[in-house]
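**Student:** here's a sequence, model it:
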Amino acid sequence: MPRFLVYLIYNTLLPFVLLLGFPGFIVKGIRRGGLARNFRQRFGHYRPEVRKAISGRDSIWIHAVSVGEVFLALKIVEAIHTAKPGQHVVLTTTTTTGHAVAEDKASALLSVIHNPVDLPWIVSRVLDVIRPGAIVLVESEIWPNLLAAANRRGIPVKLANARLSPRSGRRYATFRALIEPIFSQLTAVSVPFEIDRPRWSALGIPEDRIHVLGSVKFDQAGGNEASNRKVAEIQRWLDETGFPKGQRILLAGSTHAGEEELIAKVFMKLRESLSDVALVIVPRHAERGVEISSQLSNLGLTALLKAGPNRVESMTQQGSLDPAKHVWLANTTGELRAWFHLAEAVIIGKSFCGEGGQNPVEPILAGRPVIVGPNMQNFADVMADLNSVRGIKQLNSANDLELALKEVFEKKGESDEMAKRGTEAMARHIGAAERTARFILEEDSAPI
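**Tutor:** Model (predicted):
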């Protein structure tokens, strides 16, 4: 299909899509907080000091949507500054939570703003302000009008750490006539696995533009000092809230609706034979803390929230609490990676209730035995690698969870060996951030 016709269809439908989605965007923004702050940035309007900071510095513009992509982008930014000290980066985010995480790392060489709405006149206004030397889109965020406007101005646009699940690949292939005219404008694409190459080439991207560099998300190089500080901060909170000494932590990470109750019920049965195990839940969406607390209360468990109006301040004066009756609920943003280092075993969410799964690699690289449910479609390539070496425990259904947890806690030697095999399988991704930085800077970036 001709490119002009694809853009005619897109720009005809986009205003209606934005209008339909606006109420949900407002509700979500209110729930997560920070909606009103910098709202005008989404339309390309900036305060004078912000405009000055982002203007005309031959910046690299990196766009990351939400918290997960922001953490990945920050790794790339750190690698860029190592490879090219003094390089200014403008990092844009879509969500308020992602913006909060990114803004915490802002500096003279890293400016953080909200991503503009992908309407032609808004995108052009922002490009006139930033005047970037290059644009980098993280994972799978293709914005057609931004891509077209950059293409007209001769600004290279690269897709970094590009993700495309088999399911998404099939869906995109069905609409190739609409997608190829847009995707083919990408200057280059970096992908984590060799198996990703044909998926992207099937969408009209020439193979010589696709580079296999490993996954930045799974590259654990750097950030150890900050991670250690966060681990210590979490440990203090546990101590202050009466977490008993000697208890082993079962961590349920990135859980989705329905999984908290499911895991809590299994945990209550598990405690009958394993009295030294305590449950910590870190939900995927922090704003669900109060909702989850209510669900746990219905099961006879008391949740100790880490954040929000109902958070627990300090309970040390009361002594240790009973893990059979209490659950530590970390309804916070950006702390999950640190929690993995305190856990004895990890359950990954969205793999029992929901579809697609969440990232299992970070706890594996932290040296922890990891259990997932049957629904890990979004990490099919990773799971194939891990399952091939028995580096993870994937269950057929939630009915197998209690037995699997008993085996993990009671057979520590076998659990440690499983975690070791998983860590070794993921070692190929070490250095991916550095390789991606060179890819963005157009330096030599040898594939893995």
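**Student:** correct me, but residue 330 touches residue 280?
**Tutor:** Yes: between residue 330 and residue 280 there is a contact at 6.3 Å, judged by C-beta atoms under 8 Å. Any C-beta I mention is one placed from the backbone N, CA and C, and that applies to glycine too.
**Student:** with only the CA atoms kept, save the helix or strand hosting residue 74 in PDB.
**Tutor:** Counting by DSSP states H and E, the secondary-structure element that holds residue 74 is helix 67-83. Provided in PDB are the C-alpha atoms of helix 67-83 (Å, rounded to 0.1, in the frame of the first residue of the first chain):
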ATOM      1  CA  VAL A  67       8.800   2.100  34.000                       C
ATOM      2  CA  GLY A  68      10.300  -1.000  32.500                       C
ATOM      3  CA  GLU A  69      11.400   0.700  29.300                       C
ATOM      4  CA  VAL A  70      12.700   3.600  31.300                       C
ATOM      5  CA  PHE A  71      15.000   1.400  33.400                       C
ATOM      6  CA  LEU A  72      16.300  -0.100  30.100                       C
ATOM      7  CA  ALA A  73      16.700   3.400  28.600                       C
ATOM      8  CA  LEU A  74      18.700   4.500  31.600                       C
ATOM      9  CA  LYS A  75      21.100   1.600  31.100                       C
ATOM     10  CA  ILE A  76      21.600   2.700  27.500                       C
ATOM     11  CA  VAL A  77      22.100   6.400  28.600                       C
ATOM     12  CA  GLU A  78      24.800   5.300  31.100                       C
ATOM     13  CA  ALA A  79      26.500   3.300  28.400                       C
ATOM     14  CA  ILE A  80      26.300   6.300  26.000                       C
ATOM     15  CA  HIS A  81      27.900   8.600  28.500                       C
ATOM     16  CA  THR A  82      30.700   6.100  29.100                       C
ATOM     17  CA  ALA A  83      31.400   5.700  25.400                       C
END
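**Student:** quick one: list the elements packing against that helix.
**Tutor:** Packing partners of helix 67-83 (3 or more C-beta pairs under 8 Å, 6 or more residues apart in numbering; DSSP states H and E): strand 60-63, strand 89-93, helix 96-103, strand 134-138, helix 432-440.
**Student:** of those, which approaches residue 408 most closely?
**Tutor:** Proximity of these to residue 408 was assessed by C-beta to C-beta; the nearest stretch is helix 432-440, lying at 28.7 Å.
**Student:** mind listing what the closest residue to residue 268 other than its chain neighbours touches?
**Tutor:** What sits nearest to residue 268 in space, not counting adjacent residues and going by C-beta to C-beta, 6 or more residues apart in numbering, is residue 299, at 7.1 Å. Contacts of residue 299 were listed using C-beta atoms under 8 Å, 6 or more residues apart in numbering, and they are 261, 264, 265, 268.
**Student:** out of the residues you listed, which end up buried?
**Tutor:** Neighbour counting over those (16 or more other C-beta atoms under 10 Å) leaves 261, 264, 268 as the buried ones.
**Student:** hang on, the first one in a helix?
**Tutor:** Read that as residue 261. Yes: with DSSP: H, G, I helix; E, B strand; the rest coil as the criterion, residue 261 is part of a helix.
**Student:** ok, it touching residue 295?
**Tutor:** Yes: taking C-beta under 8 Å as the definition, residue 261 is a contact partner of residue 295 at 5.3 Å.
**Student:** which neighbours do residue 330 and residue 280 have in common?
**Tutor:** Common neighbours of residue 330 and residue 280 (criterion: C-beta under 8 Å, 6+ apart): residue 339.
**Student:** okay, buried residues for the helix holding residue 74 please.
**Tutor:** Buried positions in helix 67-83, judged by neighbour count with 16+ other C-beta under 10 Å: 67-81.
**Student:** with stretch 134-150 instead?
**Tutor:** For stretch 134-150, using 16+ other C-beta under 10 Å, the buried residues are 134-139, 141-150.
**Student:** quick check: which ranges of the stretch 251-400 of the chain have low pLDDT?
**Tutor:** With pLDDT under 70 as the threshold, the stretch 251-400 of the chain has low-confidence stretches at 309-310, 312-318.
**Student:** would you map the strands across it?
**Tutor:** Assigned by DSSP state E, counting those that start in this stretch, the stretch 251-400 of the chain shows strands spanning 277-283, 302-305, 326-329, 345-348, 370-372, 393-394.
**Student:** point out the most buried one among the ones you listed.
**Tutor:** strand 345-348 (a mean of 28; mean count of other C-beta atoms under 10 Å).
**Student:** partner strands of it, parallel or antiparallel?
**Tutor:** Its sheet considered, strand 345-348 pairs with strand 248-255 (parallel), strand 370-372 (parallel) by DSSP bridges.
**Student:** quick revisit: which one of the buried residues of stretch 134-150 is nearest residue 393?
**Tutor:** If you rank those by distance to residue 393 using C-beta to C-beta, residue 139 comes first, at 26.7 Å.
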